[in-house]
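K.L.:
Below: sequence and its predicted model.
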Amino acid sequence: MTLTYQYATATVWIDDLSDSVDPHAYDLCERHGQRFVTPSGWRLEDRRHRFRVVLPSQLAG
């Protein structure tokens, strides 16, 4: 999963793991993503898709 945030609106977004590189985004493993807690007064928006489609070309090997 990928975490981004915006100070101006005190908002944190959790998205599916991003394929692009963004210096303002932080990739989290599942374990740490599940344990993440927003700072007091901040809002969390979980925008992850419930199901993810994996194409054969995305599989290793």
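P.N.:
Yes, it's here. Keep in mind that this is a model prediction, so the values were computed, not measured.
K.L.:
what about E45, helix or strand, and which?
P.N.:
Assigned by DSSP states H and E, E45 belongs to strand 43-46.
K.L.:
could you dump that strand to PDB, C-alpha only?
P.N.:
Extracted in PDB, the C-alpha atoms of strand 43-46 (Å, rounded to 0.1, in the frame of the first residue of the first chain):
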ATOM      1  CA  ARG A  43      -8.600  12.300   8.800                       C
ATOM      2  CA  LEU A  44      -7.700   9.000   7.100                       C
ATOM      3  CA  GLU A  45      -9.100   8.100   3.700                       C
ATOM      4  CA  ASP A  46      -8.600   4.400   2.700                       C
END
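K.L.:
buried ones in the helix or strand of the chain with the lowest mean pLDDT?
P.N.:
Ranked by mean pLDDT, DSSP states H and E, the helix or strand of the chain with the weakest confidence is helix 30-35, at a mean of 89. Going by neighbour count (16 or more other Cβ atoms under 10 Å), the buried part of helix 30-35 is G33. For the C-beta atoms, the positions are set from N, CA and C on the backbone; glycine is no exception.
K.L.:
Enumerate every residue touching R47.
P.N.:
Going by Cβ atoms under 8 Å, 6 or more residues apart in numbering, R47 touches 13-16.
K.L.:
Pretty sure L28 sits against L3.
P.N.:
Yes: using Cβ atoms under 8 Å as the test, L28 is close enough to L3 to be in contact (5.7 Å).
K.L.:
who touches both of these two?
P.N.:
With Cβ under 8 Å, 6+ apart as the test, L28 and L3 both reach F36.
K.L.:
quick one on the thing from earlier: counting by contacts, list what the least confident helix or strand of the chain packs against.
P.N.:
Of the remaining helices and strands, none touches helix 30-35 by 3 or more Cβ pairs under 8 Å, 6 or more residues apart in numbering; DSSP states H and E.
K.L.:
All set, thanks.
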